[in-house]
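Chemist: can't give you the sequence, but here's the structure:
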């Protein structure tokens, strides 16, 4: 079945860039998503990328997709303390009728 | 626009009791999903509906769990009888059936079974 993996923890200093990585196994993935979860809240969609794209940029967020290696990354420029949260990578595969497979989440800690 | 609304936000009850979690999806969304989040297992899809019809309930852990969607604006997830291992945060999400639309999540119900 599908599997999505992420590292569990990342610590960066305020103002630096953060790079959160994700690998997936399903080569039929059509869309890949990044969600953010703050304490006590649900998952908030940050951005998503279609599998025929290599890169997508949205303000401070840059998503890079290497389809050959099945590797997805989320870069947050000028990381702020408000970016501290858990970040989930998720993929939807063709023919799965909207089901998403989520990674374990990466906890981002931003230090002063 | 109102997002996905879940109630209650917190529920504490004793094992053996019936628990009912509620969800109101975003108006116009045709898909509704129930997830469970725990430290050990992460985020698991329990069941999802399309146009009020259950499509895939393979993630429902056992017969103690049941979910209904009597109309397009309301769904329930019921646990009867509840057990301590059911303690988790339960999320509801909805999405439009238009192509390429993402899922939108509610703030979850934190359930504690004593």
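Modeler: Perfect, thanks for sending it. On a predicted model such as this, the values are computed, not experimentally measured, just so you know.

Chemist: quick check, the residue in chain B closest to chain A?
Modeler: residue B:105 (3.6 Å; C-beta to the nearest C-beta). Quick note: C-beta positions are derived from backbone N, CA and C, even for glycine.

Chemist: tell me the pLDDT of that residue.
Modeler: On the pLDDT scale, residue B:105 is placed at 93.

Chemist: give me the pLDDT value at residue B:93.
Modeler: Looking at residue B:93, the pLDDT reads 95.

Chemist: that one reaches residue B:37, doesn't it?
Modeler: No: if you go by C-beta atoms under 8 Å, residue B:93 and residue B:37 don't touch, sitting 11.6 Å apart.

Chemist: before we move on, back to that, gap between the residue of chain B closest to chain A and residue B:80?
Modeler: Applying C-beta to C-beta, to the nearest Å, the value for residue B:105 to residue B:80 is 25 Å.

Chemist: between those two, which one's more packed in?
Modeler: residue B:105 (23 against 13; other C-beta atoms under 10 Å in any protein chain shown).

Chemist: surely that one and residue B:91 touch.
Modeler: Yes: if you go by C-beta under 8 Å, residue B:105 and residue B:91 touch, sitting 5.4 Å apart.

Chemist: now do the shared contacts for the two.
Modeler: Taking C-beta atoms under 8 Å, 6 or more residues apart in numbering or on different chains as the contact rule, residue B:105 and residue B:91 both touch A:42, A:43.

Chemist: returning to what we had before: of residue B:93 and residue B:37, who's got more company?
Modeler: Using other C-beta under 10 Å, the more surrounded residue of residue B:93 and residue B:37 is residue B:93, with 27 against 19.

Chemist: list the contacts of that one.
Modeler: Applying C-beta under 8 Å, 6+ apart to residue B:93 gives the contacts A:42, A:43, B:4, B:32, B:33, B:35, B:103, B:104, B:105, B:106.

Chemist: just the buried residues of these.
Modeler: A:42, A:43, B:4, B:32, B:33, B:35, B:103, B:104, B:105, B:106 (16 or more other C-beta atoms under 10 Å in any protein chain shown).

Chemist: from these, which is closest to residue A:79?
Modeler: residue A:43 (19.6 Å; C-beta to C-beta).

Chemist: near chain A, which residues of chain B?
Modeler: Proximity of chain B to chain A, by C-beta under 8 Å from any C-beta of the partner chain, involves residues B:4, B:31, B:33, B:42-43, B:45, B:48, B:50, B:55-56, B:91, B:93, B:95, B:100, B:102-108.
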